[in-house]
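Peer 1: could you look at this predicted model? Sequence included:
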Amino acid sequence: MKFEFYGIPRLRAGVAEFVVNLPEEDHRLGTALQLVRMELPQFDGHCFDGDRLRTEFIINISGKHFTRELDYSLEPSDTVLIFSSDAGG
């Protein structure tokens, strides 16, 4: 699963893109985010409040759908974009 970071999330993550391997049985957004958070602790510490993405950031799935739902089911071909809400949300 490919993640792309823009604006402040990119600065905090320290990378523009990051790839995680989701378990075969679980393609939920929450699972994918948890994997990213474990690998990029600087992103986690700044962009999350508990289990949720802070309200000043937004998630877009493959340029088509905005969501904050951790149970959102991802397709293997999806790209998860994370950016500041004021940068296009």
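Peer 2: Nice, I can see it. Residues are numbered from 1 along each chain as shown.
Peer 1: which residue ranges of the chain form helices?
Peer 2: For the chain, helices defined by DSSP state H occupy the ranges 8-13, 29-39, 41-47.
Peer 1: who are the packing partners of the shortest one?
Peer 2: In this case it means helix 8-13. Here helix 8-13 touches helix 41-47, strand 79-84, going by 3 or more CB pairs under 8 Å, 6 or more residues apart in numbering; DSSP states H and E. All C-beta atoms are positioned from the backbone trio N, CA, C, and that covers glycine.
Peer 1: ok, Ser85 touching Leu53?
Peer 2: No. Assessed by CB atoms under 8 Å, Ser85 is found out of contact with Leu53, at 10.1 Å.
Peer 1: neighbour-wise, which of those two wins?
Peer 2: Summary of the neighbour comparison: Ser85 and Leu53, criterion other CB atoms under 10 Å, with Leu53 having more neighbours (18 against 13).
Peer 1: list the residues that contact the more buried one.
Peer 2: If a contact means CB atoms under 8 Å, 6 or more residues apart in numbering, then Leu53 has Leu33, Cys47, Ile59, Arg68, Ile82 as its contacts.
Peer 1: which of these are buried?
Peer 2: Leu33, Cys47, Ile59, Ile82 (16 or more other CB atoms under 10 Å).
Peer 1: list the beta-bridge partners for the last one.
Peer 2: So the one you mean is Ile82. Ile82 has the following beta-bridge partners by DSSP bridges: Phe5, Ile59.
Peer 1: I figured it was touching Cys47, is that so?
Peer 2: Yes. Here Ile82 reaches Cys47: they are 7.4 Å apart, a contact under CB under 8 Å.
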